[in-house]
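Visitor: Show me how the following folds:
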Amino acid sequence: MLLRLKKGGVREPHLHPSAAELSYCISGHTKMTIFSTNARSDTFAIGPGDIAFVPRGYWHDVENIGNEEAKFVTVYDNKRPKVLDISGSVWFHV
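Guide: This next block holds a predicted model:
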């Protein structure tokens, strides 16, 4: 899957209950936060050539903090990963 985030864009908090995620940053500068199951979080920068791993069932988000579009290639360990989202578009759908 190809993920593209415009300057200032955010992939809102979500999780994949049926798959772990591995993301490779092609371009741009982002920060990712992963929320662990013990109520802790880890935030780190991701730039071109970096890889991020998100374990199955962990909430996470990605924010573009750079001056250009960010692009990621994302793969999962399940052919049909489910996504649970807590984005505003889900909660405040009109």
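Visitor: Tell me where the model's unsure across the chain.
Guide: 86-94 (pLDDT under 70).
Visitor: Mind jotting down where the helices sit in it?
Guide: Assigned by DSSP state H, the helices in the chain fall at 88-91.
Visitor: can you map out the strands along it?
Guide: 2-5, 10-15, 21-27, 30-35, 41-46, 51-54, 59-64, 70-76, 84-85 (DSSP state E).
Visitor: Point out the most buried one among the ones you listed.
Guide: strand 59-64 (a mean of 20; mean count of other C-beta atoms under 10 Å). C-beta: built from backbone N, CA, C; applies to glycine.
Visitor: Just the CA atoms of that strand, as CSV, please.
Guide: In CSV, the C-alpha atoms belonging to strand 59-64 read as follows (Å, rounded to 0.1, in the frame of the first residue of the first chain):
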residue,chain,number,x,y,z
TRP,A,59,-2.8,2.2,18.1
HIS,A,60,-0.6,4.5,16.0
ASP,A,61,-0.6,7.7,14.0
VAL,A,62,1.7,9.5,11.5
GLU,A,63,2.0,13.2,11.1
ASN,A,64,3.9,15.0,8.2
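Visitor: Strand partners (parallel or antiparallel) of that strand?
Guide: strand 10-15 (antiparallel), strand 30-35 (antiparallel) (DSSP bridges).
Visitor: Can you lay out those as TSV showing distance to Pro55?
Guide: Shown next, in TSV, are the strands paired with strand 59-64 (distance: least, C-beta to C-beta, whole Å):
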stretch	distance to Pro55
strand 10-15	10
strand 30-35	8
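Visitor: between those, which gets nearest to Phe44?
Guide: Closest to Phe44 of the strands paired with strand 59-64, according to C-beta to C-beta: strand 30-35, at 6.2 Å.
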